[in-house]
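**Student:** need coordinates for the following:
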Amino acid sequence: MRTIFFIRRLAAPFAFLIAASAVIASTVSISHVIANMPAVVDIPAVMRFFAAAFAHADVIVKSALVAGTLFLLMTLKGAIESFRLSRVSASFQRI
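**Tutor:** Residues are numbered from 1 along each chain as shown. Model (predicted):
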């Protein structure tokens, strides 16, 4: 029962996250992004690179990135709430 509740809680945001990822993958050349990216250890350069990449991206890519990030956060929030609810209900069932 708890597993079904947990899966239902995550299904809709996860599906939207997959759709947003598909839009990004179909419009952005990931291999070119990785080839042009500075060294990962240079955090300020990586941050500037992604800020510039976001600023120069198409509107559809920006929208998909923002929507995907929001739905990822909503999915994580839902997962944490579901986990807390399942733990609370489990503790009440033991009493």
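**Student:** could you measure from the residue nearest the centre of the chain over to residue 80?
**Tutor:** Most central in the chain under C-alpha atoms, centre = their mean is residue 72, positioned 3.2 Å from the mean C-alpha point. Using C-beta to C-beta, to the nearest Å, residue 72 is found at 13 Å from residue 80. In short, each C-beta sits where N, CA and C put it, glycine included.
**Student:** next, count neighbours for residue 64.
**Tutor:** A count of neighbours around residue 64, defined by other C-beta atoms under 10 Å, yields 22.
**Student:** any idea which helix or strand comes after the lowest-mean-pLDDT helix or strand in the chain?
**Tutor:** Here the helix or strand of the chain ranked lowest by mean pLDDT, DSSP states H and E is helix 2-27, holding a mean of 72. Heading C-terminal from helix 2-27, the first helix or strand you meet, by DSSP states H and E, is helix 30-36.
**Student:** and that next one, what other elements does it pack with?
**Tutor:** Here helix 30-36 touches no other helix or strand, going by 3 or more C-beta pairs under 8 Å, 6 or more residues apart in numbering; DSSP states H and E.
**Student:** circling back: shouldn't the residue nearest to the centre of the chain be in contact with residue 17?
**Tutor:** Yes: in terms of C-beta atoms under 8 Å, residue 72 counts as a neighbour of residue 17; the distance is 5.6 Å.
**Student:** give me the phi and psi angles of the spatially closest residue to residue 20 that is not a sequence neighbour.
**Tutor:** Distance criterion C-beta to C-beta, 6 or more residues apart in numbering; nearest residue to residue 20, sequence neighbours excluded, is residue 68 at 3.4 Å. Phi and psi for residue 68, reported as degrees, to the nearest 10, are phi -60, psi -40.
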